[in-house]
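Only the shape, not the letters, is given here:
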């Protein structure tokens, strides 16, 4: 496949416009159109269709766009890494979900930075889907996610540790400190997380496994801390990692709900690209220090 043509198509798909892509690439609009048609003939599929003043990708076009975007982001990363190599600098880019960013990584990052003062470390926050996407698209070196079900043909997940999750309520809640069945739990208002959150996936899996209706929808909140704050304020119930609520429980701001025959755990994973080589020095440092 001609990479010049693929680059033109990727820009058209990204901008959603042949005209805008032509302006960006400083070539004529007819030349862009001709290259797209040439690519479609070579592949034997339709990649784009007209949509008003813009374009719409076919399913084949969507697939090719994702692969092209990944390829050219890798190209940019190679350029950047080679520049850093020549300048004798090092940069670590990490994408991480909330739990690992706030409760697992800080002491590891601090220790690594103290041992490697010349290394620049960048950490971006996101949910599981966005972390996986950033790793796939070569926007970061690797990612950290907490989830119970994993699997992607282009990603490798290395387990780091297990993290328990607890149901929590305000101390005045009628279920505070009680042991109940999961069916009783489903009758109460719940703080739901956003779609793409591993905590939401976990909640749905728990109730599906026990053939039980999901809890009553109360509020949807984006973020673990935000959900906990609503419960602390006196409303509803949330499912949260133990490390995020243990202090509030000790101080009496929250109380646990114990669900019969339900023990909830998720695992922390390092997310890397399968085509990458050996472990990054930061990952080796993390594994060594978590074990110690």
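Looks like it came in fine. Predicted model, so just to flag it, every value in this text is computed and none were measured. Numbers count the residues shown, from 1 in each chain.

Please make it C-alpha for all contacts and neighbour counts, starting now.
Fine.

Can you pull the poorly scored residue ranges out of this protein?
52-53, 84-89, 148-151, 277-278, 291-292 (pLDDT under 70).

need the longest strand for it.
Criterion DSSP state E: the longest strand present in the chain is strand 155-169.

what's downstream of that strand, the next helix or strand?
strand 179-180 (DSSP states H and E).

now the longest strand of the chain, how far from the centre of its chain.
14 Å (C-alpha atoms, centre = their mean, to the nearest Å).

Ok, stretch 138-153 next?
The answer for stretch 138-153 is 7 Å, by C-alpha atoms, centre = their mean.

and what of stretch 36-52?
32 Å.

so what strands line up beside the longest strand of the chain?
If you go by DSSP bridges, strand 155-169 pairs up with strand 237-241 (antiparallel), strand 255-259 (antiparallel), strand 264-273 (antiparallel).

For residue 159, which of those strands is the nearest?
strand 264-273 (4.4 Å; C-alpha to C-alpha).

Other residues contacting the helix or strand that comes right after that closest one?
Using DSSP H and E, the helix or strand that follows strand 264-273 towards the C-terminus is helix 281-291. Residues outside helix 281-291 that contact it (C-alpha atoms under 8 Å, 6 or more residues apart in numbering): 108, 112, 160.

Residue 181: neighbouring residues, count only.
The local packing count at residue 181 equals 13, with neighbours defined by other C-alpha atoms under 10 Å.

One more: residue 264?
18.

which residues does it contact?
Residues in contact with residue 264 (C-alpha under 8 Å, 6+ apart) are 164-166.

mind checking how far it is from residue 207?
11 Å (C-alpha to C-alpha, to the nearest Å).

Equivalent analysis for residue 240, please.
Residue 240 is 16 Å from residue 207, by C-alpha to C-alpha.

and if you look at residue 243?
23 Å.

So the two - more neighbours on which side?
Shown here are residue 243 and residue 207; by other C-alpha under 10 Å, residue 207 has more neighbours (18 against 15).

Contacts for the helix or strand where that one lies, please.
Element membership of residue 207, judged by DSSP H and E, is helix 198-209. Helix 198-209 has contacts (C-alpha under 8 Å, 6+ apart) with 127-128, 146-148, 182, 192-194, 213-214, 239-240.

circling back to that earlier point, deepest in the core, which of the strands paired with strand 155-169 is it.
Counting by mean count of other C-alpha atoms under 10 Å, strand 237-241 has the highest mean neighbour count of the strands paired with strand 155-169, with a mean of 25.

Would you mind giving the contacts of helix 198-209 as a markdown table with distance to residue 82 and secondary structure added?
Listed next are the contacts of helix 198-209 as a markdown table, based on distance: C-alpha to C-alpha, whole Å; DSSP: H, G, I helix; E, B strand; the rest coil:
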| residue | distance to residue 82 | secondary structure |
| --- | --- | --- |
| 127 | 30 | coil |
| 128 | 29 | helix |
| 146 | 32 | strand |
| 147 | 34 | strand |
| 148 | 37 | coil |
| 182 | 55 | helix |
| 192 | 44 | strand |
| 193 | 40 | strand |
| 194 | 38 | coil |
| 213 | 54 | coil |
| 214 | 51 | coil |
| 239 | 44 | strand |
| 240 | 42 | strand |
